[in-house]
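**Q** Got a predicted model here, sequence first, then my questions.
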Amino acid sequence: MLTDQLIGKIIDDDFVIKERLGQGGMAQVYRARQLSVNRDVALKIINLHEAQNDENFRQRFANEAAIIASLEHLHILPVYAYGIYEDHAYLAMRLLRRGTLKDRLREGHPIALSEALHLFEQTAKGLGYAHSKGIIHRDVKPANILLDDNNNAYLTDFGLAKVIDSDEHLTRGDSVVGTLAYMSPEQLQGDHIDHRSDLYGLGVVLYHMLTGRVPFRGESQHDMVAVIYMHLQEDPPPPRQFNDEITPELEMVIFKAMSKEPASRYGSADEFARDVRLAAGISSSGSTASMSPLAMLERSGSSTTRRTTLPKPPEAPVPAPHFTSRQMAYTAIALLVALTGVGAFALSQRYVPPPPYVLDVEGAESYEKVVPSEAQINAAHTVLGTDGFIALLPCNLTSEYHATLTRETQEFANQYGLDMRIYDSKNEGYQQRLELERALTEGAKAVILCPLEVDLLEETLLAIREKHIPLASTGPNLAAFGGVHTAALDYELGYTVGEAAGRDIAAEKDGQARVLILDYPDLDIIVQRANGLEEGMKAAAPDVTIVGRVKGAVKDFAFESVQKALDEGVEFDVILSINDAGSYGAVEALEDADISPDDVWIYSVDAERLAIDYIREGRFIRATLQVARTQSAKTLVDLTTIMLAGGTVPATVYVPAGDMVNIANIDQSKSWITGGR
């Protein structure tokens, strides 16, 4: 059994164990300091003394850990790193100190309706994301839902997850995986399960939050047979008898999620969450809505009994007018301005600006020199007060790079105790403008932005400058608007990748190649990266031919560009991409055209996990460059904190790039797991 002798031990040259937080079975959880990025983490350690000679166990652990680490979502607890060190297996995860939903429910009282729906919605989003990746959690319960200081929920402990339809069992065939009070009937009977088993568990969790009790329980805590029987044969007690705030519509939704037959439950976590919102009178946009019990019954196809069935096919709807996303964004902005009545955006009359900070417009520093003092952190707290927050507007939350950068930026803000809210731009300039307007209207006192189209934002950015609201950018230099930005020296990033491609072309193709470059002409800094790709390649292989520079950056853009080039008969045997997201679209187009990976090589930037997998599988991508994502996230928060405190900041802060990852060094390259440290 592990003892506190582990305290003070250094695991894998990076994690210094500080204190034990909890234990259970073979696993123990410690607070540890991750030296490479100077942060505290939760380190789950599994004792391998009993299984250290079991190679099957080690392989299962490696497979499961890879699955867990691949999940990048705002409401899934992130795994930073994993491995086997001496006689211990370990997982390094984000450290949350507020505890679990189980702790929150210990008093046996219902959680307030608004709070329960908030936690449910976030958990459902995380679970739905995992299901979209083909992963079943298998143990959805309050103990596996962690809470942060801002009462946000994070689904954790996917250690029992496995890929849907996989023949590989992660546990013994005669064992039952899960926790009895939240397990689905098919799971209790040892039958085949799919994602709908998780939805049953999520329904039980919602029931528990709203009533303060689990739906099925025996006369004693050891009465397992009675609990199993009730899961298999009995309807749950109506939750409204324990909490009169629960509407008949919401009760119907819970019963549907807890149907005995999987086919009678919801088809997805998103559908489940949608009906919860409707039943609670909340639309997906946050506005109020209403449904009568009869309408909810008709919508869900429920019978008058408590056990619900599949929804009936909807009647043909009246055709609705079609609006493009751009038209909807314009309309939403116009409505926002009309309702608030203050022009470009509505800042509350109660708004108190932060103390003026000093921007060194010509200044440029390395990230190591931009670290807030304790006094500046405290001053930032004072400026934000109880209602203020930092608005974070990522370019999107769909690519691994941006989703992880968003998550890590929020984590570093949490470490300083600063409230941060996410506004998803969804890769659309007009949507980003709307989200920025909304963030400012809701009281943002600082903004971190991944600009998509600066021209569209100009009016709002000028207003931000006039109000002296701290502004930090993950892309273009926004000094003209009083903003700072982090830069990875995009030209140098591109040059490094292009040069690596050129060396391979010189060595394996006698210096001859036809090259297609995936660019993104809407952003000058990305054009600089594409210039670096081209010039670095030509420096190593001057005789290559550039057949074109086409739009990439997003999977769909790259797919369309490469497909069009193929349709038009453009011949190429090398693709240089400004990022991994564009590479995926190129791979899809090449595979659709039945082109062999031996015939086209792809070189890229970001070193995302999926790109690493493609390299390992020989799917076109030959190499990708690591970027200092984690350091960029920390620097953005550090800059914003100093500005909130009224300090002096340079307009540009440089963060380093990492190494090229290719098939030769893929197993030795660990830093990509934590974003290129």
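**A** Yep, that arrived. Numbers count the residues shown, from 1 in each chain.

**Q** Tell me which residues are up against the host helix or strand of Glu459.
**A** Taking DSSP states H and E as the criterion, Glu459 maps to helix 454-466. Around helix 454-466, the neighbours that count as contacts under Cβ atoms under 8 Å, 6 or more residues apart in numbering are 343-345, 429-430, 432-433, 436-437, 440, 447, 451, 471, 476, 478, 481-483. No exception for glycine: its C-beta is placed from N, CA and C like everyone else's.

**Q** Could you rerun that using 7 Å?
**A** The set of residues external to helix 454-466 that reach it, using Cβ atoms under 7 Å, 6 or more residues apart in numbering, is 344-345, 429-430, 433, 436-437, 447, 451, 471, 476, 478, 481-482.

**Q** and the next element down the chain from it?
**A** Following the chain from helix 454-466 toward its C-terminal end, the next helix or strand by DSSP H and E is strand 471-473.

**Q** Counting by contacts, list what that next one packs against.
**A** In this structure, strand 471-473 makes packing contacts with strand 444-449, strand 484-487, helix 629-644, judged by 3 or more Cβ pairs under 7 Å, 6 or more residues apart in numbering; DSSP states H and E.

**Q** CSV for those, including mean neighbour count?
**A** Written out in CSV, the entries for those read as follows (neighbours: other Cβ atoms under 10 Å):
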stretch, mean neighbour count
strand 444-449, 27
strand 484-487, 24
helix 629-644, 26
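
**Q** sorry, back to before: tell me which residues of the helix holding Glu459 are tucked away?
**A** Val454, Leu456, Leu457, Thr460, Leu461, Ala463, Ile464, Arg465 (16 or more other Cβ atoms under 10 Å).

**Q** need the strands for the stretch 351-500 of the chain, in chain order.
**A** 358-366, 389-393, 420-422, 444-449, 471-473, 484-487 (DSSP state E, counting those that start in this stretch).

**Q** any chance of those strands in CSV, with distance to Pro656 and mean pLDDT too?
**A** Converted to CSV, the strands of the stretch 351-500 of the chain look like this (distance: least, Cβ to Cβ, whole Å; pLDDT from 0 to 100):
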stretch, distance to Pro656, mean pLDDT
strand 358-366, 8, 82
strand 389-393, 23, 95
strand 420-422, 24, 94
strand 444-449, 20, 95
strand 471-473, 18, 93
strand 484-487, 11, 83
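
**Q** of all those, which lies closest to Val227?
**A** Evaluated with Cβ to Cβ, those place strand 420-422 nearest to Val227, the distance being 38.8 Å.

**Q** ok, that closest one: who's next to it in the sheet?
**A** With DSSP bridges as the criterion, the sheet partners recorded for strand 420-422 are strand 389-393 (parallel).

**Q** what's the partner strand in contact with?
**A** Residues beyond strand 389-393 that count as contacts (Cβ under 7 Å, 6+ apart) turn out to be 406, 409-410, 413, 418-423, 425, 432, 435-436, 439, 443-450, 640.

**Q** Distance to Phe272 for the contacts of helix 454-466 - can I get that in a markdown table?
**A** As requested, those are exported to a markdown table (distance: Cβ to Cβ, whole Å):
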| residue | distance to Phe272 |
| --- | --- |
| Ala344 | 39 |
| Phe345 | 35 |
| Gly429 | 32 |
| Tyr430 | 30 |
| Arg433 | 32 |
| Leu436 | 31 |
| Glu437 | 31 |
| Val447 | 33 |
| Pro451 | 35 |
| Leu471 | 38 |
| Pro476 | 40 |
| Leu478 | 41 |
| Phe481 | 42 |
| Gly482 | 44 |
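
**Q** which ones among those residues are found in helices?
**A** Among the contacts of helix 454-466, the members found in helices (DSSP state H) are Gly429, Tyr430, Arg433, Leu436, Glu437.

**Q** and Glu499, how many residues sit next to it?
**A** 21 (other Cβ atoms under 10 Å).

**Q** Quick one: residues contacting it.
**A** The contact partners of Glu499, by Cβ under 7 Å, 6+ apart, come to Gly536, Met537, Ala539, Ala540.

**Q** Now with 6 Å, please.
**A** Glu499 is in contact with Gly536, Ala540, counting by Cβ atoms under 6 Å, 6 or more residues apart in numbering.

**Q** Look up how far Ile505 lies from it.
**A** Going from Glu499 to Ile505 by Cβ to Cβ, to the nearest Å gives 11 Å.

**Q** try Ala611
**A** With distances defined as Cβ to Cβ, the gap from Ala611 to Ile505 amounts to 20 Å.

**Q** Show me which of those two is the more surrounded one.
**A** A side-by-side neighbour count of Ala611 and Ile505, using other Cβ under 10 Å, places Ala611 first with 29 against 23.

**Q** In terms of helix, strand or coil, where does the residue sitting nearest the centre point of the chain fall?
**A** Computing the C-alpha centroid of the chain and ranking residues by Cα atoms, centre = their mean puts His73 first, at 2.4 Å. Reduced to three states with DSSP: H, G, I helix; E, B strand; the rest coil, the structure at His73 is coil.

**Q** pretty sure it is touching Tyr129, no?
**A** Yes. Counting by Cβ atoms under 6 Å, His73 touches Tyr129, with 4.2 Å between them.

**Q** hmm, back to that, what would the strands of the stretch 351-500 of the chain look like in CSV with distance to Glu271?
**A** Supplementary listing: the strands of the stretch 351-500 of the chain in CSV, determined by distance: least, Cβ to Cβ, whole Å:
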stretch, distance to Glu271
strand 358-366, 48
strand 389-393, 28
strand 420-422, 23
strand 444-449, 32
strand 471-473, 37
strand 484-487, 39
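
**Q** Which SSE is immediately downstream of the least confident helix or strand in the chain by mean pLDDT?
**A** Ranked by mean pLDDT, DSSP states H and E, the helix or strand of the chain with the weakest confidence is strand 162-163, at a mean of 36. Towards the C-terminus, the helix or strand next in line after strand 162-163, according to DSSP H and E, is helix 185-188.

**Q** Pull out the C-alpha coordinates of stretch 356-376 and format them as PDB.
**A** Once side chains and other backbone atoms are set aside, the C-alpha atoms of stretch 356-376 remain, and they are given as PDB (Å, rounded to 0.1, in the frame of the first residue of the first chain):
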ATOM      1  CA  PRO A 356      -5.000  53.300 -16.500                       C
ATOM      2  CA  TYR A 357      -2.200  51.000 -17.500                       C
ATOM      3  CA  VAL A 358       0.900  52.100 -19.400                       C
ATOM      4  CA  LEU A 359       1.300  50.500 -22.900                       C
ATOM      5  CA  ASP A 360       4.800  50.600 -24.400                       C
ATOM      6  CA  VAL A 361       3.700  50.700 -28.000                       C
ATOM      7  CA  GLU A 362       7.200  49.800 -29.400                       C
ATOM      8  CA  GLY A 363       8.000  47.400 -26.500                       C
ATOM      9  CA  ALA A 364       8.800  43.700 -27.000                       C
ATOM     10  CA  GLU A 365       9.700  41.300 -24.300                       C
ATOM     11  CA  SER A 366      10.200  37.600 -23.800                       C
ATOM     12  CA  TYR A 367       7.500  35.900 -21.800                       C
ATOM     13  CA  GLU A 368       9.800  35.200 -18.800                       C
ATOM     14  CA  LYS A 369       9.900  38.900 -18.000                       C
ATOM     15  CA  VAL A 370       6.100  39.400 -17.900                       C
ATOM     16  CA  VAL A 371       4.900  38.100 -14.500                       C
ATOM     17  CA  PRO A 372       2.600  39.900 -12.200                       C
ATOM     18  CA  SER A 373       3.500  40.500  -8.600                       C
ATOM     19  CA  GLU A 374       1.400  39.500  -5.600                       C
ATOM     20  CA  ALA A 375       0.400  43.100  -5.200                       C
ATOM     21  CA  GLN A 376      -0.700  43.300  -8.800                       C
END
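
**Q** contacting residues around that stretch?
**A** By Cβ under 6 Å, 6+ apart, the residues outside stretch 356-376 that reach it are 468, 479, 482, 631, 635, 638, 641-643, 645-648, 650-655.

**Q** Repeat the analysis, applying 8 Å as the threshold.
**A** For stretch 356-376, the external contacting residues (Cβ under 8 Å, 6+ apart) are 380, 416, 468, 470, 479, 482-484, 486, 628, 631, 634-635, 638-639, 641-656.
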